[in-house]
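# Got a predicted model here, sequence first, then my questions.
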Amino acid sequence: MALQPYSDRARSAQRNWDNQEDPRFEQEHRAEQAADLAKAYRTDPAKLREAEELTAGTFSGTHYTEVSLALHRLHHTDPADLMGSGALQDLYRLARDEAAAIDAQLLELALQQVAA
């Protein structure tokens, strides 16, 4: 391990000290903690249900109609024909919208937990 000159060590120590005093550092740290916690919440069935309940009813009626019709189409598509149909594309498009809303709620729950 190479020795660092005193000036490098002093600058490094000063940066560490500055970061501890800077409120932006604390905000950034909390945001990182919340992002990590929100990612962990994606595998927590209770948190997923809580986030889903918070998003229920927030989409337009058209969105819910599209979800119902996509599921209906999926049910009536033979599994062998699924890859060639548009059913999967429709489901993935709808899933992207649902996932974005649930992920936003998971992040909000994580931010609340980190702030507590």
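Alright, I've got the coordinates. Numbers count the residues shown, from 1 in each chain.
# and residue 85, helix, strand or coil?
Of the three states, residue 85 takes coil under DSSP: H, G, I helix; E, B strand; the rest coil.
# ok, residues contacting stretch 35-42?
Contact partners of stretch 35-42, identified using C-beta atoms under 8 Å, 6 or more residues apart in numbering, comprise 47, 48, 51, 103, 106, 107, 109, 110, 113, 114. Heads up, the C-betas are built off the backbone N, CA and C, glycines and all.
# Among those, which ones are in strands?
Using DSSP state E, no member of the contacts of stretch 35-42 falls within strands.
# which of the residues you listed sit farthest apart?
The most widely separated members of these, counting by C-beta to C-beta, are 48 and 114 (18.5 Å).
# Show me where this structure has its helices.
All helices of the chain, identified by DSSP state H, fall at 6-21, 23-41, 45-55, 61-75, 87-115.
# Quick one: closest of these to residue 81.
When the helices of the chain are compared by C-beta to C-beta, helix 87-115 sits nearest residue 81, at 8.9 Å.
# And that closest one, what does it pack against?
helix 23-41, helix 45-55, helix 61-75 (3 or more C-beta pairs under 8 Å, 6 or more residues apart in numbering; DSSP states H and E).
# Show residues contacting the last one.
Just to be clear, that refers to helix 61-75. With contacts defined as C-beta under 8 Å, 6+ apart, helix 61-75 is touched by 82, 85, 87, 90, 91, 94, 97, 98.
# TSV for those residues, including pLDDT and distance to residue 26?
Shown next, in TSV, are those (pLDDT from 0 to 100; distance: C-beta to C-beta, whole Å):
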residue	pLDDT	distance to residue 26
82	87	50
85	83	51
87	89	48
90	91	44
91	92	42
94	94	39
97	94	34
98	94	33
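# and residue 11, which of the helices and strands packed on helix 87-115 is closest to it?
Nearest of those (C-beta to C-beta): helix 23-41, 16.8 Å.
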